[in-house]
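J.: Sharing a sequence plus its predicted fold:
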Amino acid sequence: MIHSIRSRIAFWYAVLILMAMTGLGLYLSHAVRQAHLVDLGKELAREARLVGEAIKNCVGETAPYPTVDALALRYATLLDARVTIIGLDGIVVGESHENRLTMDNHLYRPEVQEALRTGQGSSVRFSATIGHNMMYVAVPVTAGDTVIAVVRVALSLRDIEANVMRLRMTMFAGMVVTVLLSTLLGLVIANRTAQPVRSLTAVVGRMAEGDLDAWLLPTSADEVGVLIRSFNQMGDRLRETIATLAEEHRRLSTVLQHMGDGILIMNGEGRIELLNPAAERLLGTNQAEALARPLAHVAPHHQIIELWQRCRDRGEEVVEQVDLDRRGRFVQAIATPLREGEEGACLLVIQDLTEVRRLETVRRDFVSNVSHELRTPLASLKALVDTLRDGALEDPPAAQRFLDRIETEVDALAQTVQELLELSRIESGQIPLRLKPTAVDELVQLPIERLQPQAQRAEVQVLVDLPGGLPLVLADAERMHQVVTNLLHNAIKFTAAGGTITVSAATIEKDVVISVRDTGVGIPKEELPRVFERFYKVDRARSGGGTGLGLSIAKHIVQAHGGRIWVESTQGQGSTFSFSVPRAAHVIGEV
């Protein structure tokens, strides 16, 4: 098989030349042969007439056959041809080369019939007597207006056939040389024609392998040059299109990668074709495990599966809220049919509403806690006012006692409002922190001195364990005093008489961690995650008074300093509240 364009061009070019030369050779050899035959026929006709004129007086009914034979032989020798004299009845009466007595009747030979009919006849056929092709030319012999015999002159075509064969061989040799030369010329032309195509093919191969900057310089103004210029234009458009698609894909990929909502795309069979990291996180899976698998294997939640089925069957958007697991993860799933994709394909968006639900819960708890904290003192104030109005004012000692109670309740309300305002200002950043390098002992000594009398009344011992060489911390001392005071106050309140509270500090990496450890009642394990919420109180704490805002305020102050606060506790064995403060040298070094 011929695969290259160069070989095909050269091959068919050679075939065309060969066919043309063959046809031309056959035509010329046939034409030359026919020309020889025509010339030979004319020559034999003249010779036959000459013989007829010479012998017409010697041929008749009374002429002896041997005399005619002698005449035929004589003229055959002179003409170097075969001479036959035939009577009107077809009997050979004179023959130069064969025994006339053994020869057939010649009346119906084609050349004889034609001569009798038109005055001259000729025929070319194979002679069984001679053994090769002969040309026969016959003319009538007339005496006056009467035909008395027919003279036929025949000559072998061996020489003519040999000449024609030599001509054909010469033409064949010329044809071979011409075909070879034309083939070489065809290869040269084909190579020059195919070279731009090969170059274009190489450039196309480079582009197929990803080299979109491949380019080809046109070297001619013909069709190939036009093709190369068109290809270069196509390459430019392709590069622009791919660059645009790549940029759009990059943007879309970036959006999908950083979206907080989980995105999944399923085909009509419900198999996952795409999912983003948020979906992996929400569903607890990864790309390798999820792609090409059914949705039921990736998200084994009957509500999500039913949601997708409704979307596929109805061909419309469906929304449903789903509890993913027992850990409280709550999501909103939105299934949307993909109109332009595969039939039944669906886009599933999973929005994590866990934090929204938690904030809603916190809001409800906040309202409930505020209502609880305000209802008790307000009810007490209402009762005290009603008592005074009902006559207690007439009893000065009782009135004074009720007024003291009213003052206490008003102070509690004022403290609650003040702490709420302060917490709101801290959260909103309205209270600027005056940060400066501060020694750790300055943060803990003042709160300990202030609360020492309270600890003594509760018969609780407060110990301080501050190792030497502690680095300075970058803090607002006044705000940090508030944090330590809240932690110490809680520790004293929930530590039984004879207990111990230890205030310690240690350097951990880039921070200094300050801890308040007590030997009090401890906190149940299930309550630990919520102790820093507003108004949240462990059941044991409700009898101890307080607004439940102290730990929340402490948390926000620590976070404003760039630290964190946490608690470790075992019920019945005490609690340890710790918070971290950045080291001053580390923070200044970073700045």
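T.: That came through fine.
J.: C-alpha only now, for contacts and for neighbours.
T.: Fine.
J.: name the helices or strands packed onto the host helix or strand of residue 76?
T.: Residue 76 is part of helix 65-79 when elements are defined by DSSP states H and E. In this structure, helix 65-79 makes packing contacts with helix 5-55, strand 82-87, strand 92-95, judged by 3 or more C-alpha pairs under 8 Å, 6 or more residues apart in numbering; DSSP states H and E.
J.: From the contact counts, what lies against the last one?
T.: Spelled out, that is strand 92-95. helix 65-79, strand 82-87.
J.: That strand pairs with which strands?
T.: strand 82-87 (antiparallel) (DSSP bridges).
J.: Averaged pLDDT, the partner strand. What do you get?
T.: Mean per-residue pLDDT for strand 82-87: 87.
J.: what bits of the stretch 51-200 of the chain have low per-residue confidence?
T.: 59-66, 129-130, 194 (pLDDT under 70).
J.: Give the buried residues for stretch 43-58.
T.: For stretch 43-58, the neighbour count (16 or more other C-alpha atoms under 10 Å) marks 44, 45, 47, 48, 49, 51, 52, 53, 55, 56 as buried.
J.: just stretch 227-235 next, same as before
T.: Those would be 227, 228, 229, 231, 232, 235, for stretch 227-235 by 16+ other C-alpha under 10 Å.
J.: part of a helix, is residue 149?
T.: No - under DSSP: H, G, I helix; E, B strand; the rest coil, residue 149 falls outside any helix and is assigned strand.
J.: neighbours around it, how many?
T.: Neighbour count of residue 149, defined by other C-alpha atoms under 10 Å: 26.
J.: try residue 378
T.: 15.
J.: For the closest residue to it other than its chain neighbours, report the pLDDT, please.
T.: Of all residues not flanking residue 378 in the chain, residue 409 sits nearest, at 7.8 Å (C-alpha to C-alpha, 6 or more residues apart in numbering). At residue 409, the model reports a pLDDT of 73.
J.: got the contact list for residue 475?
T.: Residues in contact with residue 475 (C-alpha atoms under 8 Å, 6 or more residues apart in numbering) are 433, 434, 435, 436, 437, 438, 561, 581.
J.: can you do 7 Å?
T.: Taking C-alpha atoms under 7 Å, 6 or more residues apart in numbering, we find residue 475 in contact with 435, 436, 437, 438, 561.
J.: ok, now residue 321?
T.: Counted by C-alpha under 7 Å, 6+ apart, residue 321 has contacts 331, 332, 333.
J.: Can you tell me the element the second one falls in?
T.: Spelled out, it's residue 332. strand 330-337.
J.: So what are the sheet partners of that strand and their directions?
T.: strand 318-323 (antiparallel), strand 346-352 (antiparallel).
J.: Give the buried residues for the shortest one.
T.: Looking back up the chat, that one is strand 318-323. In strand 318-323, counting by 16+ other C-alpha under 10 Å, buried: 318, 319, 321, 322.
J.: before we move on, the earlier item: wait, which of the helices and strands packed on helix 65-79 is closest to residue 352?
T.: For the helices and strands packed on helix 65-79, the distance to residue 352 is smallest for helix 5-55, at 63.1 Å, taking C-alpha to C-alpha.
J.: could you give the angle of the closest one to helix 65-79?
T.: Angle, helix 5-55 to helix 65-79, by axes from the mean of the first three to the mean of the last three C-alpha atoms, to 10 degrees: 140 degrees.
J.: Great, nothing more from me.
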